[in-house]
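**Student:** Predicted model, plus sequence, below.
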Amino acid sequence: MNDEVRDALAPDGSIEPLDPARVIAGAHRRRRTHVLATAAAASVAVIAIATGGFLVRGDNLGNAPAPANHGPALTAPTPTGTPSPVETPRPSAGFTPQAPEALPSTASSEKVPTSNPQVSATPGSPARLTPTTCRVAAGGEPAPGSGAKLRGTASDPSGTTIVIADGRYWMACDNTYGTEVSARKPATLKTPGVQDNNAFAIANNTVETVDGPLDHFWAAGLLPDGVATVRYSFADGETVDAEISNGFWLMRHVSSIPPGAHDLGDRVRVQLLSATGGVLNDVRLNWGTQTCAQISHGC
């Protein structure tokens, strides 16, 4: 600092001599300016260094560049905690939530035993049964003509059996076997005797019911003289009295036991009774030869 004062006080031949007080004041001003400039530069350097260190550390800055030559960048570990639940989108205005479709009930497919096995479950509608459709089912056999009249009917929930006749022939038909008319072979109007066992032969068909496949039996014929009751007994323990109508009888029965139970050891029993209950005939039908009395199809 003394050198600066001395230089400032040195005489300058090109100018007039200066006042010493003014020279010293000017030197002080130049020194203060130099000191301030030096301090300002130092402050800038400090700030730059601090800022650089701040950026190098990346404190609280997610986008700071990684420092060079410090090895590979570290990978953040995968969090192992329970992930936050995803928010379920809310339906927009005016949207009506749909109720879930109901699953089909498994109980509805199970068969429930019924006390009435005659309720048929055979697919399709029963065959239309009239004197005309019955005559057609004769299949060319000598049969009642176009003038045939309905002489008797027997019905239950599983179907219907009818008898038709004209002045020469009679025949019986049934519509329990699906959509096909079953026909008994036509015959003349000759009254059978009480010992004519073939006159009481039956037809046997397996039909579908709500209890599964069961045997259906049906029969019809002219009523012998002196007979008031035509009674059938079956292997399921049931006894059925035929219906009497206009000199004819008609019988139908759906067994309550599975098919095949009516074998040779359990033949169908037929009893002919008088008006007083006397037994005029008591016979067991031969299985096969006297249990398939129909011509429209087999048994």
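**Tutor:** Right, received. Where do you want to start?
**Student:** Tell me where the stretch 101-250 of the chain has helices.
**Tutor:** Counting by DSSP state H, counting those that start in this stretch, the stretch 101-250 of the chain has helices at residues 131-136.
**Student:** Poorly predicted segments of it, please.
**Tutor:** 101-125 (pLDDT under 70).
**Student:** Go again with 90.
**Tutor:** 101-128, 139-140, 157-158, 177-180, 204-212, 215, 235 (pLDDT under 90).
**Student:** Alpha carbons of stretch 185-194, in PDB - could you do that?
**Tutor:** The C-alpha coordinates for stretch 185-194 follow below in PDB (Å, rounded to 0.1, in the frame of the first residue of the first chain):
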ATOM      1  CA  LYS A 185    -105.300-106.200 -35.100                       C
ATOM      2  CA  PRO A 186    -108.900-105.700 -36.400                       C
ATOM      3  CA  ALA A 187    -111.400-108.600 -35.900                       C
ATOM      4  CA  THR A 188    -114.900-109.500 -36.800                       C
ATOM      5  CA  LEU A 189    -117.800-108.800 -34.400                       C
ATOM      6  CA  LYS A 190    -117.700-112.400 -33.100                       C
ATOM      7  CA  THR A 191    -118.000-112.600 -29.300                       C
ATOM      8  CA  PRO A 192    -115.200-114.700 -27.800                       C
ATOM      9  CA  GLY A 193    -115.700-117.400 -25.100                       C
ATOM     10  CA  VAL A 194    -114.500-117.000 -21.600                       C
END
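**Student:** OK, contacts around L285?
**Tutor:** Taking C-beta atoms under 8 Å, 6 or more residues apart in numbering, we find L285 in contact with N197, F200, A201, I202, R267, V268, R269, V270, T291. Where C-beta positions appear, they are placed from N, C-alpha and C, glycine not excepted.
**Student:** Could you give the number of residues near the third one?
**Tutor:** Using other C-beta atoms under 10 Å, A201 has 20 other residues around it.
**Student:** distance of it from G288?
**Tutor:** Taking C-beta to C-beta, to the nearest Å as the measure, A201 falls 11 Å from G288.
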